[in-house]
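Colleague: Need a 3D model of the following:
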Amino acid sequence: MSTNIITTGTERSIIENMLDRNRQTLIETARGLSDADARRRLVASLTTPISLIKHAAAAERIWFQRFWAGLGESECDGYSRRDEGTFTVTDDESLSDVIAEFERASQRSREIVSRFDLDDTMDTPREGTVSMRWTLLLMIQELARHAGHGDILREQIDKLVVHNTPET
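Modeller: As a prediction, this is how the structure comes out:
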C-alpha cells in the first residue's frame, strides 16, 4: 500500500494520513529482509525489525480493539496485553506473516476509528480520559519512534550483510 502525503484538508484526513504513512514507513524498514535478518538481535532489548512490527500490531489492537471498541482480549485478532509480550514473535512466524498481521490490525483500526469523532472520549486504565484525537496522535508518535528504531536496525543489518559480518 502506497500512501501519498496529504498536506491540506480536514484535520481528521491529515491525522489519519500521517498515521497511515507511519504505518507504511515502519513496514518499509523491514521489507526485503530475510527472515533471519529480520530477527537479528543487535540491541539488548527484544527489539528487532520483525518484533517492532509485531509490537505495532499489538499496539493497534490495544488502543483500537480493546480500548475504543471495548473488545475483550479473546475477541481481538491477536496479542493485546500491555506488556513485553507485544514484541514476541514465534519461530513459525515469517516476516511476511507479521507484516500481514500488522496490516490486518491497521485495517481493523481504521474501521473502528471511523465510528468515532475526534473529540469523542473514553477512559483508559493508565492515562485516564483520552480523546480519539489524542489516541491517533499517540499512535503517530509510537509508530514514528519505532520506524526510527527500524531505520537504525536496518542500517546496521545492511552493513553486516554487505560486509558479510556474522551476527553478534
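
Colleague: and the residue nearest the centre of the chain, helix, strand or coil?
Modeller: Central residue of the chain (Cα atoms, centre = their mean): residue 56, 2.3 Å from the mean position. Using DSSP: H, G, I helix; E, B strand; the rest coil, the structure places residue 56 in helix.

Colleague: Pull the distance from the longest helix seen in the chain to the chain's centre.
Modeller: Identified as the longest helix of the chain according to DSSP state H is helix 132-162. In terms of Cα atoms, centre = their mean, to the nearest Å, the gap separating the centre of helix 132-162 from the centre of its chain is 9 Å.

Colleague: avg pLDDT for that helix?
Modeller: Mean per-residue pLDDT for helix 132-162: 96.

Colleague: list the buried ones in that helix?
Modeller: Within helix 132-162, the residues scored as buried using 16 or more other Cβ atoms under 10 Å are 132-133, 135-137, 139-140, 142-143, 146-147, 149-150, 153-154, 157, 160. (Each C-beta comes from the backbone N, C-alpha and C, glycine too.)

Colleague: how about the helices of this protein, start to end?
Modeller: For the chain, the helices defined by DSSP H cover 11-30, 35-38, 49-60, 95-113, 132-162.
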